[in-house]
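*Asks:* Quick one, structure for this:
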Amino acid sequence: MNNRVFTVGSLIPGRLIIKQQAPVLKETQKIETEEIIVEQNGSKIEIHPVKGKLLDAALNQGKQINYKCRKGTCGQCTVKVLSGPGLSSPNEQERKKLKNEIANGYRLACQAEIL
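*Replies:* Residues are numbered from 1 along each chain as shown. Modelled structure (predicted):
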């Protein structure tokens, strides 16, 4: 689809001015641009929100997150969530492993679901 708008002045050679019109979004369309930012071992990692496990989203985007068991028992994938759109509430495995650290923003990337 071509959204170019030409005016008489823009048709003069060397003076082509292209004006882009903003796309019109339906109410059901939503553009999610806010990244989920987590920290692990002093490194900040930006993850584009995609439904599913936080760890899977990061790995599919080529982001380096330490992990091992993927079951929530080893704690290798523990990250601190700094900002970003919603994650699921901590599940039983996270509460068991992380205890009070959940209140400080820590999550298990292999268990946290991106909503």
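*Asks:* rest of the way, CA atoms for contacts and neighbours
*Replies:* Will do.
*Asks:* so where's the protein uncertain?
*Replies:* Counting by pLDDT under 70, the chain has low-confidence residues at 1-33.
*Asks:* For it, which segments count as helices?
*Replies:* Per DSSP state H, the chain carries helices over the ranges 54-60, 92-98.
*Asks:* can you put the ones you listed in JSON lines and add distance to residue 112 and mean neighbour count?
*Replies:* JSON lines is the format used below for the helices of the chain (distance: least, Cα to Cα, whole Å; neighbours: other Cα atoms under 10 Å):
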{"stretch": "helix 54-60", "distance to residue 112": "6", "mean neighbour count": "19"}
{"stretch": "helix 92-98", "distance to residue 112": "8", "mean neighbour count": "16"}
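*Asks:* Let's have these in a markdown table, adding distance to residue 115.
*Replies:* Conversion of these to a markdown table gives the following (distance: least, Cα to Cα, whole Å):
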| stretch | distance to residue 115 |
| --- | --- |
| helix 54-60 | 10 |
| helix 92-98 | 17 |
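*Asks:* right, and these - which one's nearest residue 71?
*Replies:* helix 92-98 (8.3 Å; Cα to Cα).
*Asks:* With only the CA atoms kept, save that closest one in PDB.
*Replies:* The C-alpha trace of helix 92-98 is given here as PDB (Å, rounded to 0.1, in the frame of the first residue of the first chain):
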ATOM      1  CA  GLU A  92       4.200 -22.500  43.400                       C
ATOM      2  CA  GLN A  93       7.600 -23.500  42.200                       C
ATOM      3  CA  GLU A  94       8.800 -19.900  42.100                       C
ATOM      4  CA  ARG A  95       7.400 -19.200  45.600                       C
ATOM      5  CA  LYS A  96       9.200 -22.300  46.900                       C
ATOM      6  CA  LYS A  97      12.500 -21.500  45.300                       C
ATOM      7  CA  LEU A  98      12.700 -17.700  45.600                       C
END
